[in-house]
Every structure is written in C-alpha cells, then in structure tokens.
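Q: missing the sequence, but the structure's below:
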C-alpha cells in the first residue's frame, strides 16, 4: 500500500476545516486509524478496484466529510480560525521553521538558531543607528555597546539552541510513554529551570547595555524574570506541538502498515 | 433486505452511537462494526459520517475520548477510545423515551401495531 493515498485523502478532508491545529490533528490521526483498520479488512476481501480504492469508497465523498467535520467544530472556534488575508505568508514561514524530513533535532535547532541570530543581527543593525539618530548622539562607549550587541546575540543563540533541544527531548519523552509521567514531569521541571536560568542570563546581558542609558533599564530584569516563570507552560505546550508535528510528518504511523 | 439510507439515519445516529457505547468503550471503527452488526447489514452508512457525530457528542460531554496508551503490538496509527459519560447515559435514556413516544404516535397514525 502507498500510504500517501490515504494521507492525501485525509488532508483533503481535514485541511480546509476552520478549527485549531490540535483539533485538526486529532481528526487527521483518527481518520488515519480508521483508514488503516478499514484497509486491513479490505486486503482480505474480494471486490472491485484496489483495496485502497474500496477503503476510500467506504469513507464517503471527501467534500461531504469536510462539511460535516466543519459542522462539528464549535462556532466560536470556526470564527477564530477563519483564515485572514496574508495567512498564507505565515503558513510559508511556519513550513520553513518546521523540522524537515530526515533532519536531526540538532541540525534543526542549528538551522533555526542561525536564522534567528541573522534576523536579530539585522534588527540590531537597524535599531542601534535609529536609536542614535533619534537621540542625536551616539553611545558614550562604542566598545561596550558592540560587546553588548555581540553578547546579546550569543545569549540568544545559546538560548535558542538549548530551548529547541529541550523541546525535542520533551516531545520524545511524551512519545515514549513507557517512561511514565514522573519522568516527564522531572524533565519539565529541569527544562524550566534551564529556561529560567537562560532568561536571567539574557536579562543580565541586556542590562549591560543600560550603563549609558541607551536602550535598556534595570527594571527589564523584573519583566524578563517574570516572563521566564511562564517557562513550564510554554515548554509543555511547545513539546506537545512538536510531538503533533512529528506524528504528522510520519503520517501518523500509516507507513508502518506497509512494512 | 431493504437498505436504510443515510438521510433516514440522520438525526438518529447520535442516539445509535450512544447506544453502541453503552455496551462498552470502543474506538471509531469498532463503533461502526457494532452499528453494522446490530443493524444486521441494513444500515447504509458512509464511514466518514461517524467521526463528526463522535466529535459532537464529545463536545456535548455525552461521551469521553482518550487516545489509547498501549497499542499492544498493533502497528499503525493510535486509536481514540470513547466511553459513555454519566451525562451520556442519562441522555440515552431520554432519547429512548422520545423514540418510543415517536414510534407509538406515528405507528398509531399509520396503522402499524407497536
């Protein structure tokens, strides 16, 4: 069996549904389980057409399925996920940052970190001259400012790498259910502490720039510290999202049936 | 045997799904199998129609779905196991009463003994 036939049918049915990604992934995975079970039945049967064709016939017209799936989504969620103009651009960015086929977690993290650091550097190249132009004078010490700019990029790079690797590890722990909940919680606590540490590191770095009062003030400490307390929630949500993406990438295990 | 088509089933499918789950928890494919079994092959149901019904019932908290933890060596995608909630059980009782009332009323009009 070529699982792609089923994956395409599922995408045709679920893709246009206006709903959250979580809900749509649930629909996709459940339809995949259904098609797999249906296919197992059809390969032992005689009938017109290939087993895969018979499975899709049993499922019913795709457009009708899309409509009824859409009707099962609460009105508020349908409204919330109505595509806005320019949403396709965001989808393109989303596809760009997703882990590619065969890409290891480390390579993925390195690719995203490189992109992020390049974007931040470009932003600093715009923001710093702009700040100077607005203030009408440059920083009192250029070496300090340049050191601060380099340090903030380095902290951002390390932070991004560590966060992405932790995220991949968390998603792995969620998938490997045999390790149980305590291990997942332990990993979440450890990851959160690392993130809080990174937040503090970032706060220290950016506050270095406040010596000449150019861009940051000491109160940023408090804000960044408070933000880093959200780490466990963000990490848990992000790991679940990575897990869903991983399942989607692997076709929810449909390919396993052909082995 | 005369087949009962989709349009006739519409409106009754929710109650039928609740009823199949009263026999015990099941995943979507199993629910369909039970429906076919109980309908003695008379139900003509496009399989895809079941899932929106399950989602609606779950949204209304009449059933609860959970992904299976252990695939017990079975290959392929995870299945979502549905079970009837207490609210679903009460709803099913109400639906059964409504159905009995409907059948007896229409049966009297059509002259069909019930």
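A: Now that the structure is in, tell me what you want to look at. Remember, predicted model here, so these are calculated numbers, not experimental data. Numbering: from 1, shown residues only, chains lettered A, B, ... in the order given.
Q: Poorly predicted segments of chain A, please.
A: Counting by pLDDT under 70, chain A has low-confidence residues at A:1, A:138-141, A:176-180, A:202-225, A:256-259.
Q: Check chain B too.
A: B:1-10, B:40, B:42, B:70-73, B:114.
Q: Could you find the closest non-adjacent residue to the residue positioned nearest the centre of it?
A: Central residue of chain B (CA atoms, centre = their mean): residue B:17, 1.1 Å from the mean position. Excluding the flanking residues, the one nearest residue B:17 by CB to CB, 6 or more residues apart in numbering or on different chains is residue B:53, at 5.5 Å. Bear in mind the C-beta positions are built from the backbone N, C-alpha and C, glycine included.
Q: tell me the SS of the one you found?
A: Applying DSSP: H, G, I helix; E, B strand; the rest coil to residue B:53 yields a three-state assignment of helix.
Q: Please apply the same query to residue B:81.
A: Residue B:81 is classified as strand under three-state DSSP.
Q: That one and residue B:65 touch, don't they?
A: Yes: between residue B:81 and residue B:65 a contact is recorded at 6.8 Å, counting by CB atoms under 8 Å.
Q: and residue A:244, what is it in contact with?
A: By CB atoms under 8 Å, 6 or more residues apart in numbering or on different chains, the residues touching residue A:244 are A:21, A:22, A:25.
Q: burial count for the first one?
A: Residue A:21 is flanked by 14 other residues according to other CB atoms under 10 Å in any protein chain shown.
Q: any idea whether the closest residue to it other than its chain neighbours is helix, strand or coil?
A: Take residue A:21 and drop its neighbours on the chain: the residue closest to it by CB to CB, 6+ apart is residue A:244, 7.2 Å away. Following three-state DSSP, the label given to residue A:244 is helix.
Q: State the distance from residue A:244 to residue B:105.
A: 49 Å (CB to CB, to the nearest Å).
Q: hmm, the regular element (helix or strand) spanning residue A:170 touching chain B?
A: With elements taken from DSSP states H and E, the one containing residue A:170 is helix A:142-175. No: if you take CB under 8 Å from any CB of the partner chain as the test, helix A:142-175 misses chain B, and the best it gets is 10.7 Å.
Q: tell me what that helix is packed against?
A: helix A:105-135, helix A:180-208, helix A:231-249 (3 or more CB pairs under 8 Å, 6 or more residues apart in numbering or on different chains; DSSP states H and E).
Q: What residues does the stretch 1-150 of chain A have near chain B?
A: So far as CB under 8 Å from any CB goes, the stretch 1-150 of chain A lies against chain B at A:13, A:26-27, A:29-34, A:36-38, A:58-61, A:64-65, A:68-69, A:71-74.
Q: what is the orientation angle of the helix or strand containing residue A:35 with helix A:231-249?
A: Using DSSP H and E, residue A:35 maps to helix A:21-42. With axes from the mean of the first three to the mean of the last three CA atoms, to 10 degrees defining the directions, helix A:21-42 sits at 30 degrees from helix A:231-249.
Q: ok, now which ones touch the residue nearest to residue B:17?
A: Residue B:53 touches A:72, B:13, B:14, B:17, counting by CB under 8 Å, 6+ apart.
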